[in-house]
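Q: here is a sequence with its predicted model. Questions after.
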Amino acid sequence: YAIAHALLGTMRIGRYRNEPASSTAALDEAFALTQRAVELDDGDSTCHSLFAHACLYRRSYELALQHMRRSIEINPNNPWNRADMGLVLTYAGPAEEALSWLTRARDVDPYFDPAWYWRQTGQAYMVLRQFEQALAMFAHVPSRTGRTSAYMAACCARLHQTDRARQYAAECLSDNPDFSIRQFVSKEPFRDLAEVDYLAESLRLAGLPE
């Protein structure tokens, strides 16, 4: 059952991203499960898209892009696939192209609005240093996690909105008392390491702990 393997793999990616340990065991499981999904059904666009996610977090950027292209080739009018391409490109670059794909997802379906879509669009704007637009996208997230709050704190810090930055930083720490900048940025798979440094500095400016 291909899609079951793919979705189990996605759950493992979530575990890897959120666990404080530096182990890649959950990510390795995610890669194996999503790869098996593609082997079971090469014609399922979702399987290719979720395999691309696992490749992205393993920093296999070209493989991630290859499977995202295959996903869109199979089902070009699926808004999830378009948005997923935007997700991969936010990290692999270029961010301008990521934003274009994210916008095209809602061109297909104006009602497409899962929380991760708005967070990802906000991240793309942040990479483009368009912080007001990023905050506007993050504001669409109905129930913020510590991760979203961290990004909002970073944007406010870059806009010199110190009080708001501190507010979102406190919100982040309330959700995740063990938050650390080092751990957070280690799980953000940017191909350009300068983006990792910029994000870390932005979080530091917001007052989040090392």
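A: Arrived safely, thanks for sending.
Q: only C-alpha atoms for contact and neighbour calcs from this point on.
A: Noted.
Q: now the helices for the chain?
A: 2-18, 25-40, 45-57, 61-74, 79-92, 95-108, 115-127, 131-138, 146-158, 162-175, 181-186, 193-205 (DSSP state H).
Q: TSV for those helices, including mean neighbour count and mean pLDDT?
A: TSV is the format used below for the helices of the chain (neighbours: other CA atoms under 10 Å; pLDDT from 0 to 100):
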stretch	mean neighbour count	mean pLDDT
helix 2-18	19	95
helix 25-40	21	97
helix 45-57	28	98
helix 61-74	20	98
helix 79-92	26	97
helix 95-108	19	97
helix 115-127	24	97
helix 131-138	21	98
helix 146-158	26	97
helix 162-175	19	97
helix 181-186	16	95
helix 193-205	18	98
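Q: residue contacts, residue 127?
A: 90, 95, 195 (CA atoms under 8 Å, 6 or more residues apart in numbering).
Q: at 10 Å instead, please
A: 90, 91, 93, 94, 95, 96, 121, 134, 195, 198, 199 (CA atoms under 10 Å, 6 or more residues apart in numbering).
Q: wait, doesn't the fifth one sit right on residue 86?
A: Okay, so that is residue 95. Yes - in this structure, residue 95 is within contact of residue 86 by CA atoms under 10 Å, at 8.2 Å.
Q: tell me, what's touching the two both at once?
A: 101, 121, 124.
Q: and the second one, how far from residue 86?
A: Pointing back at residue 121 there. Distance, residue 121 to residue 86, using CA to CA, to the nearest Å: 8 Å.
Q: what residues are shared contacts of the two?
A: Common neighbours of residue 121 and residue 86, counting by CA under 10 Å, 6+ apart, are 95, 98, 99, 100, 101, 102, 103.
Q: and the furthest pair within those residues?
A: 95 and 103 (12.3 Å; CA to CA).
Q: overlap in contacts of the two?
A: 86, 121.
Q: and the gap between residue 80 and residue 164?
A: 32 Å.
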